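A.B. asks: For reference, the sequence and a predicted model appear below.
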Number of protein chains: 2
Amino acid sequence: MAPKITRPFCAQLGKCLQQVTSGQATQLNAGCVVTQKQMVNLTIVNSTFKVFPAGALQSQVAAFSTSASRKSSVSQPPARLLQPLTVPNKILMGPGPSNAYPRVLAAGSLPLIGHLQTEFYEIMDDIKAGIQYLFQTENEWTFAISGTGMAAMEAAAVNLLEVGDVALVGVNGFWGARLAEIAERNGSVAQRIEKPMGQVLSLEEIEQGLKEHKPKIVFLTYGESSGGTAQPLKGVGELCHKYGALLMVDSVAIVGGPYTNSVFCDFPGIDVLYTGAQKVLGSPPSISPISFSQRARDKIASRKTKVRSFYFDAAELANYWGCDEGPRRYHHTGMISGNYTLREGLAEIAEKGLEKSWEQHSTCSQLLYDGLEKLGLELLVKDKSIRNPCVTVIKVPEGVDAKAVSDYAMDKHQTEIAGGFGYLAGKVWRIGVMGYNCTPERVDQTLAVLKEALDLHWKRN
Amino acid sequence: MAPKITRPFCAQLGKCLQQVTSGQATQLNAGCVVTQKQMVNLTIVNSTFKVFPAGALQSQVAAFSTSASRKSSVSQPPARLLQPLTVPNKILMGPGPSNAYPRVLAAGSLPLIGHLQTEFYEIMDDIKAGIQYLFQTENEWTFAISGTGMAAMEAAAVNLLEVGDVALVGVNGFWGARLAEIAERNGSVAQRIEKPMGQVLSLEEIEQGLKEHKPKIVFLTYGESSGGTAQPLKGVGELCHKYGALLMVDSVAIVGGPYTNSVFCDFPGIDVLYTGAQKVLGSPPSISPISFSQRARDKIASRKTKVRSFYFDAAELANYWGCDEGPRRYHHTGMISGNYTLREGLAEIAEKGLEKSWEQHSTCSQLLYDGLEKLGLELLVKDKSIRNPCVTVIKVPEGVDAKAVSDYAMDKHQTEIAGGFGYLAGKVWRIGVMGYNCTPERVDQTLAVLKEALDLHWKRN
């Protein structure tokens, strides 16, 4: 039933709407009684009209709004934005974001400068050098994507893959599945090698896939945050190159963590590597490190078609980041503050030294494993050599409500203990020990919270 | 000619490399004389080997690196990252980024929380409400893209356009040209209506394009930062819909500025509208507001193929932002700090009120016009009714070195006065008066700097 709105209402429109939105009135005037929901919709008379039931009403209201003063036709600011922004302090022990380093948070409030100013180029150069160090590479095309880790994944895929190109995708968790979807949306073909979460791909399985599908690229997740695995990469690059494929590796939830002399160093055949800011680097998710080998650049240079995304076009980005000979061209407006914070995350690891970072993650993950064992808990990944030291996946014991434990940790101790992904939901917890949170104290604290929750929620026989 | 490397060198690898990289040595041992360039490449023995001239050498070095201690093979952290991050204070009076509001910068250093936690969803809801207010719309699909304004442009285009779809693109500056390129990379067809910078498109020209090319979408830049124009939008939406096209509008360098009762309100036919954070909103470039009308959603729902980008998929993002009925699914890791800062930029305008914001931009742009006239300068856009109040384009007088003036302003007063884009380079300056910088004091200050520079660099007859 359409509400009737009579002409005299028009003059009072602004005032009445204010009364309605503030809850002081549910009636506009004697001739116009409408429900609360319908009246709220009057605040949008100049835009969509979408829930007015009668067409006749729409034209009436439009007529009113035209004759009403301009001022009164502007909708009121949302009350929720007039409240101050409050952010709780939490201990983020899930698969990420992890807590940020204090110096990183401080950098987030530095004044803005222009994205084409010399001082900003210098910060970009700091970032490039920091990523080269983190990845242990001298790849010239080493920079950051102005997007999250997911954006870096998409950038890697759409630059290397053309329509019809085949990608061989290791799917042992969330990230392989996502890459396959991105490849298919790009018009490429994804051939999946599926493994349960918690397992990794063998060289034999990869070689069989290479023989069978003759892919242009092979994708592997170095650190799986859903299954808690560290994919062995030794020899994989050479194998891919032997079959004419490039190797693309996701290292978001791992790089800077395991004792491997870093990825490019131990695994020289990687052609595209990317990571995120919010894990070992202890920075807000914002811009994301990526690096392309000469082989990858050759593949991009020989494309028959332009990269489908301008925003993610690696050659354009390499120029913007000063990675080629030419003068830097404007590509997009760099995320100024995101550059500051990533720079500081990289500086933290440079000051500490990679070896120290690897040692800390090795020590703390071992402390966590020992503590979990003492609590009588089992890990999803039995084989220690393929565990991701940054994200540990723990089996929920029979009869325990996984969510009740996570909720207790959050509600009582503001500590995040994450649940499982996909078919592991309710069956595992995930604990991340990374970057700023990679200290024995944080591990002990998290184990104590978990113990307290289990004492309440695990009725042992 | 391949350098010879003898076995004893292996034990000293780390030390020698340190000497070489620090410039202390150009010779490794008596049996191994190589050029500086070749020796630098030894620092990356474990990664690419890319410039070693002989295959035999590669295997030799590989053998060395295996037998060398792990520690010594890690390259040193970059010296530049061991220096503290320093950021100068600048007055950003170019076309953006503009200086950020103090409350916005403060928000940039708040602690991180998880992207799937209740408190973060509440901040996302604040942002949605703030964008609906800024755009004066109740479009349900109103959220932010985790990328800069350029990313929002790409998101708008790739969601609405399929392969073969025709886009009619108004090109009167940088942004139309960019959108056309994005459309073409997407496999769509861009039909350009070209106009010189400083001019706008007429309804007649748009109608002719609609008749001739039968486009699926029409793209216009509401506020051109390269030409300083405000494209009239009255009646354009209705015209597009009459010919079965949707209207996509870039409002990055303008929204919140001109006295128009905001875009969706005065121009109800807009189907996709987006903006950036670093202009009127006085926030760091990070996440970018976007809004889709029901018509746009219908077009997306009727696509024959999936959106080519997963990262920019509007339906997935709408779910992640809680804009649909379903439970929120993980899509990507939201830029936590970027959400904080945009929230505060939107809160600033909500507290002030849109009317006040429009009034300030109107007043300050008029002050700027008056001051420039007093200095004897001319604007590129003569017709005041099509001037973008946020970005003013000023003709460089005959005989004046544009760059010398900008450089003086920056070097002497840390004030950014931007140059021209494309064929206007060297021929115009661009002054942005937006958001936090939209005060009479900032305008006066900028005019004083410009006067001082002109007194030095303009030899009047």
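C.D. replies: Everything's here; your move. Residues are numbered from 1 along each chain as shown, chains lettered A, B, ... in the order given.

A.B. asks: And what about residue A:175, helix, strand or coil?
C.D. replies: Per DSSP: H, G, I helix; E, B strand; the rest coil, the secondary structure class of residue A:175 is helix.

A.B. asks: can you check residue A:112 too?
C.D. replies: Three-state assignment for residue A:112 (three-state DSSP): coil.

A.B. asks: tell me, how many neighbours does residue A:459 end up with?
C.D. replies: Neighbour count for residue A:459, taken as other Cβ atoms under 10 Å in any protein chain shown: 8. From N, CA and C alone the C-beta is placed, and that goes for glycine too.

A.B. asks: wait, doesn't it sit right on residue A:401?
C.D. replies: No: at 10.8 Å, residue A:459 does not count as touching residue A:401 under the criterion of Cβ atoms under 8 Å.

A.B. asks: Tell me where the model's unsure across the stretch 51-200 of chain A.
C.D. replies: Where the stretch 51-200 of chain A drops to pLDDT under 70, the residues are A:51-72.

A.B. asks: the helices in it, which residues?
C.D. replies: All helices of the stretch 51-200 of chain A, identified by DSSP state H, counting those that start in this stretch, fall at A:55-67, A:102-107, A:118-135, A:149-160, A:174-185.

A.B. asks: Now tabulate these in a markdown table and tack on distance to chain B and mean neighbour count.
C.D. replies: Listed next are the helices of the stretch 51-200 of chain A as a markdown table, based on distance: least, Cβ to the nearest Cβ, whole Å; neighbours: other Cβ atoms under 10 Å in any protein chain shown:
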| stretch | distance to chain B | mean neighbour count |
| --- | --- | --- |
| helix A:55-67 | 9 | 15 |
| helix A:102-107 | 5 | 21 |
| helix A:118-135 | 4 | 20 |
| helix A:149-160 | 4 | 27 |
| helix A:174-185 | 5 | 22 |
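
A.B. asks: can you tell if stretch A:298-313 touches chain B?
C.D. replies: Yes: under the criterion of Cβ under 8 Å from any Cβ of the partner chain, chain B is reached by stretch A:298-313 at A:306, A:307, A:308, A:309, A:310, A:311.

A.B. asks: May I see the buried residues of that stretch?
C.D. replies: Using 16 or more other Cβ atoms under 10 Å in any protein chain shown as the burial criterion, the residues of stretch A:298-313 that qualify are A:299, A:300, A:307, A:308, A:309, A:310, A:311, A:312, A:313.

A.B. asks: How about stretch A:221-234?
C.D. replies: A:221-233.

A.B. asks: can you check stretch A:209-217 too?
C.D. replies: The neighbour-count check on stretch A:209-217 (16+ other Cβ under 10 Å) flags A:209, A:210, A:213, A:215, A:216, A:217 as buried.

A.B. asks: Domain ranges for chain A, per the record?
C.D. replies: Residue ranges for the domains of chain A, per automatic domain parsing: A:7-71, A:102-352, A:354-457.

A.B. asks: what's the most buried one of the ones you listed?
C.D. replies: Per residue and on average, the most neighbours among the domains of chain A fall to domain A:102-352, with a mean of 22 (mean count of other Cβ atoms under 10 Å in any protein chain shown).

A.B. asks: follow-up on the earlier one: can you lay out the helices of the stretch 51-200 of chain A as JSON lines showing distance to residue B:159?
C.D. replies: Output for the helices of the stretch 51-200 of chain A, formatted as JSON lines (distance: least, Cβ to Cβ, whole Å):
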{"stretch": "helix A:55-67", "distance to residue B:159": "28"}
{"stretch": "helix A:102-107", "distance to residue B:159": "33"}
{"stretch": "helix A:118-135", "distance to residue B:159": "30"}
{"stretch": "helix A:149-160", "distance to residue B:159": "15"}
{"stretch": "helix A:174-185", "distance to residue B:159": "12"}
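
A.B. asks: Quick one: the strands in chain A, in order.
C.D. replies: A:27-29, A:32-33, A:91-92, A:141-145, A:166-171, A:189-194, A:217-221, A:246-250, A:272-274, A:288-292, A:391-395, A:415-416, A:418-419, A:428-432 (DSSP state E).

A.B. asks: closest one to residue A:340 among the ones you listed?
C.D. replies: Evaluated over the strands of chain A, closeness to residue A:340 peaks at strand A:141-145, with 12.2 Å, by Cβ to Cβ.

A.B. asks: In terms of secondary structure, what does the closest one contact?
C.D. replies: If you count contacts as 3 or more Cβ pairs under 8 Å, 6 or more residues apart in numbering or on different chains; DSSP states H and E, strand A:141-145 packs onto helix A:118-135, helix A:149-160, strand A:288-292, helix A:314-320.

A.B. asks: Closest to chain B out of the buried residues of stretch A:209-217?
C.D. replies: Nearest to chain B, judged by Cβ to the nearest Cβ, of the buried residues of stretch A:209-217 is residue A:217 at 16.9 Å.

A.B. asks: residue contacts, the closest one?
C.D. replies: A:160, A:161, A:165, A:167, A:168, A:245, A:246, A:247, A:248, A:271 (Cβ atoms under 8 Å, 6 or more residues apart in numbering or on different chains).
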